[in-house]
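Trainee: Build the 3D model from these lines:
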Amino acid sequence: MDNIDRLSALPDDFLYEILSLLPAKDAVAFLIVSTKWRKLFTSVPDTNFCVNGLNDPDDPDPCSVRSFRDEIHVGCRILALRTGAPLRKFQLHIKQYVGRFASAVELFILKALACRVRELDIHVGMTDKSRSIPPEVFTCKTLVTLKLTRDVDLDLIVPNAICLPNLKVLHLRGEMRVVDGICIQRLIKGCPSLEELNLVLCRMDESDEDQVIDFSSPSLKRFTLASFNYGGLFDFVLDSSQLEYLEFHHVGKHRFTLDAPNLSYLNYECNAVERKVANFQNLTILQLGPFNYDGVDHGHLWKMLPRLLESAPDLEVLILGEAFGNVFTRDREFEVFLPLCFSSFEVFLPLCLPSCCLDRLREVEIREFNNEEYEFKLVKYILKNGKSLKKMTIGGVIKAMKSSEKCCKRISSFNKSSQDCQIVFN
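Mentor: Model (predicted):
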């Protein structure tokens, strides 16, 4: 058997790919292979660090503390070996630690910033609310992507000085408590090139006053927002002429003002009330619900649906998470929701789903079909009025194996306005 180093004979680009896929502390083992590998390692474009963290953050044993410090120290040494060589992507995942180690973690991140990093992905599992992200992150001019995840909720405090001129993607994951709406505006204004924003917010105070939060941005194209209020309400404002993709996931009767004329995809899963009904001239895909939370008006989407449909003349795809939400599990419960002036569900349906809006849809999907009688009537109504339908997808019926075949046959027997419509059961 020969002792030829065949790996080192591979092209540099291929070797870079190998090193980029390995966790950094494993990739270090390749440094002993050859001088070529050591040189490649110090200039590999992507680096991934996963630190095990403390076994018991509240009362860590000395061995766990020593191991944690050693891993952070090795990480800093690895970045120092680069001597400033540009870093395309830096990932750091620390499972558990406490605030007294925050300064060491911050130093680790600063080492990555010194390498002119373009994509920063930090996931920290702190057990307290100490600061773990150095303020220098918010003034890094080379950053194009910034993803920050915390495993505990914390106050969203944005530094006064924000300058991220090249940042295009910003994700803040974990429940961020909004201290005031101004910090959000300051954050967005400090990112003039921002195209994608993903936020999870919560509000804990008991104030009766609405907290106004303005997400307006002339460059924003994709926006995903989840919010939870355990006290006061949010009043959201979003004005973006470039916005194409929008997801709203909310608990609470928030208010929002939306102006996004170029929006093409909307996922609306909330109990929010529109202050101003937008015109979605370019909207082609609309996804709704379901609600899975207590204290929510489960009929809200059905009240909003006709307004949404009428404001989207080019809508082609309608996706319903569930036909009536989790609260309507029995027919008699749904009757409570029906206004007294409607004698039957058949009279009520055209008001929720006007036939003039249905006849332009090309695809309808119900992801969780629970075999309720009202759901069959809904599917029958859609097939009858969907003159342009090409596909009707029903999900969930196969969960009840005994009745699935019967349900599928019943739905397949419904009259279709569009003979080209294909009924698919998932």
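Trainee: Which parts of this structure are helices?
Mentor: In the chain, the helices defined using DSSP state H lie at 12-21, 24-27, 35-41, 62-80, 102-113, 181-189, 300-310, 331-337, 345-352, 355-358, 373-385, 401-412.
Trainee: Make TSV from the ones you listed and add mean neighbour count, distance to I285 and mean pLDDT to it.
Mentor: Glycine gets a C-beta too; all of them are placed from N, C-alpha and C. Listed next are those as TSV, based on neighbours: other CB atoms under 10 Å; distance: least, CB to CB, whole Å; pLDDT from 0 to 100:
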stretch	mean neighbour count	distance to I285	mean pLDDT
helix 12-21	14	34	70
helix 24-27	18	40	63
helix 35-41	15	44	66
helix 62-80	16	42	82
helix 102-113	18	37	89
helix 181-189	18	25	86
helix 300-310	18	12	77
helix 331-337	13	26	48
helix 345-352	15	19	77
helix 355-358	17	15	88
helix 373-385	19	16	90
helix 401-412	13	23	81
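Trainee: out of those, nearest to P165?
Mentor: Nearest to P165 among the helices of the chain is helix 181-189; the distance by CB to CB comes to 11.6 Å.
Trainee: send the alpha carbons of that closest one over as CSV?
Mentor: Taking C-alpha atoms only, helix 181-189 is exported to CSV below (Å, rounded to 0.1, in the frame of the first residue of the first chain):
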residue,chain,number,x,y,z
GLY,A,181,-41.2,51.3,17.9
ILE,A,182,-38.4,53.7,17.2
CYS,A,183,-35.7,51.0,17.5
ILE,A,184,-37.3,49.1,14.6
GLN,A,185,-37.3,52.2,12.4
ARG,A,186,-33.7,53.0,13.4
LEU,A,187,-32.7,49.4,12.5
ILE,A,188,-34.4,49.5,9.1
LYS,A,189,-33.1,53.0,8.2
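Trainee: Contacts for that helix, please.
Mentor: 156-158, 160, 162, 170, 178, 194, 197, 211-217 (CB atoms under 8 Å, 6 or more residues apart in numbering).
Trainee: before we move on, the earlier item: so which of the helices of the chain comes closest to E365?
Mentor: With CB to CB, the closest approach to E365 among these belongs to helix 373-385: 10.6 Å.
Trainee: quick revisit: any of the contacts of helix 181-189 buried? List them.
Mentor: Neighbour counting by 16 or more other CB atoms under 10 Å classes 156, 158, 162, 170, 178, 194, 197, 211-217 among those as buried.
Trainee: Between which two of the residues you listed is the distance greatest?
Mentor: Farthest pair in the buried ones among the contacts of helix 181-189, by CB to CB: L194 and Q211, 21.7 Å.
Trainee: unless I'm mixing things up, Q287 is touching L308, no?
Mentor: No. When contacts are counted by CB atoms under 8 Å, Q287 is not listed as touching L308 (10.9 Å).
Trainee: what is in contact with these two at once?
Mentor: With CB under 8 Å, 6+ apart, Q287 and L308 have common neighbours L266, Y268.
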